[in-house]
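Q: make a model of this:
(one chain, ligands or ions: 2)
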Amino acid sequence: MKNNSKKSEPKSQSQKSSIFANDNKNVAECVVLKSAGYPFDFELMENTLEITDKSLFEQYARDQWLGMEVNSDSYLFDQKIIPDFAFKVVCVRPENSIISEQTKIKIIIEDKKDSSLKSTKSDVKICDVVGQDNAKNKIKVIEKFLVEPESFGMWAPRNVLFYGHPGTGKTMLVKGLAGEVDVPLYLVKATSLIGEHVGDAASKIHDLYEKASKNSPSIIFIDEIDAIALHRSFQSLRGDVSEIVNALLTEMDGINENDSVITICATNNASSLDNAVRSRFEEEIEFKLPSDDERYEIFEKNISTLPLKHDLNLKKLVKVSKNMSGRDIKEKILKTALHHAIASDKDCVDMADIDYALNSSKIKVNDVKGMFE
Ligand SMILES: Nc1ncnc2c1ncn2[C@@H]1O[C@H](COP(=O)(O)OP(=O)(O)OP(=O)(O)O)[C@@H](O)[C@H]1O
Ligand SMILES: [Mg+2]
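A: Residues are numbered from 1 along each chain as shown. Ligands and ions are numbered 1, 2, ... in the order given. The predicted model follows:
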């Protein structure tokens, strides 16, 4: 058995036992592996591996590497069925620890059918987003970087946080970016990274970054990041988030300067984020509720797409929608008004339908406060 870390020379079974007796090393809670193939190509040898039963592999792996000291990015070599076939240690918790009988060993299997990690194309355009000029300026920089990453050198944009009130255009703006740039964009809901078992999230996050890195320049958008990167004081509410936070930090830091991978994360509440994750963002950009002029524009754009005729007073609409988000305007006001008109067999949406929508919506007119104000 070999390991690329100098400290971990091949060990016999008796040496393994002595590690536990003499060393005060931590025991590894979880090790995530990925098959890396042989150190060189030669005829008759397949460099790929198919693992069909993960728990059987875990048993097999634990048995042969019991007592080995492991670090992230080191390699473990198979000694049994396929000698010298390498497995890369994608991450280990805690770092620099020893595989024991209790260590969970996870293997990343490339799932060709996993659509959640595929890059996306979108019909939305950046100019469809009304207002949010700070965020649009940052997106402009990111677009320039994606076209000419070399020109930025060490000044490349890396990690950006979009935060603010729900329904103000955070996801929409990133979709707009996906619609305009010709680079892979990985849109991921943070909760989709949580797996059933310990180690699943770490391997999914690693997979995501590896794909983005292989296809760079590229963008990773992690929506609703607060669902996984919770501040320590909230972590007891959810088990196992520290694993995810650590995996995320490892990947965010692991991206090297030539990789040209940009991470954009979004949340409603930046203060609920883990400080270590938060400190990785070079910029935190707030998404604000739309001003009067911006609401006018949002109404105007959306009204022009209604499938019925309309007789609406835009100035009045702006007045009654104070403190509403773009989503409230579209989903709670215009959609409800349209459906009311359709249900009443009318061929035109008018202010009576808007009144109905305002009354039935849960938002009280002129009393819609930001969630975290
Ligand atoms: N600034 C805006 N300009 C135009 N439309 C907007 C704007 N903000 C929101 N909308 C409308 O509301 C919908 C929802 O917005 P979006 O999903 O981008 O909000 P979000 O900020 O990501 O919300 P959340 O924090 O809940 O995820 C958009 O698809 C769009 O129709
Ligand atoms: Mg969103």
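
Q: what sits against the closest residue to Lys136 other than its chain neighbours?
A: Excluding the flanking residues, the one nearest Lys136 by Cβ to Cβ, 6 or more residues apart in numbering is Ile126, at 6.4 Å. Heads up, the C-betas are built off the backbone N, CA and C, glycines and all. Ile126 is in contact with Lys136, Ile139, Leu173, Gly176, Leu177, Gly179, Glu180, counting by Cβ atoms under 8 Å, 6 or more residues apart in numbering.

Q: next up, phi/psi of the first one, please.
A: Backbone torsions of Lys136, given as degrees, to the nearest 10, read phi -70, psi -40.

Q: would you mark the buried spots in the host helix or strand of Glu294?
A: Assessed by DSSP states H and E, Glu294 sits inside helix 292-303. Residues of helix 292-303 classed as buried by neighbour count (16 or more other Cβ atoms under 10 Å): Glu294, Arg295, Tyr296, Glu297, Ile298, Phe299, Asn302, Ile303.

Q: same question for it, mean pLDDT?
A: Summarised as a single mean, pLDDT over helix 292-303 is 95.

Q: repeat that for stretch 184-191.
A: pLDDT averaged over stretch 184-191 gives 84.

Q: so which bits of the stretch 151-300 of the chain are right by ligand 2?
A: Lys170, Thr171 (Cβ under 5 Å from the ion).

Q: ok, Leu49 - contacts?
A: Residues counted as contacts of Leu49 (Cβ under 8 Å, 6+ apart) are Ser35, Gly37, Ile82, Phe85.

Q: repeat that with 6 Å
A: Going by Cβ atoms under 6 Å, 6 or more residues apart in numbering, Leu49 touches Ser35.

Q: what's the burial count for the nearest residue to Ser291 once chain neighbours are set aside?
A: Residue nearest to Ser291 in three dimensions, not counting chain neighbours: Gly131, with 6.9 Å by Cβ to Cβ, 6+ apart. Neighbours of Gly131 under the rule other Cβ atoms under 10 Å: 20.

Q: residue ranges for the strands of this protein, please.
A: Per DSSP state E, the chain carries strands over the ranges 30-37, 69-70, 75-77, 86-93, 97-98, 104-108, 159-164, 185-189, 218-223, 261-267, 283-287, 309-311, 348-350.

Q: returning to what we had before: for the contacts of Ile126, could you give me a markdown table that also reports pLDDT and distance to Asn359?
A: Putting the contacts of Ile126 into a markdown table (pLDDT from 0 to 100; distance: Cβ to Cβ, whole Å) gives the following:
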| residue | pLDDT | distance to Asn359 |
| --- | --- | --- |
| Lys136 | 93 | 35 |
| Ile139 | 89 | 38 |
| Leu173 | 92 | 31 |
| Gly176 | 87 | 33 |
| Leu177 | 85 | 37 |
| Gly179 | 78 | 36 |
| Glu180 | 80 | 39 |
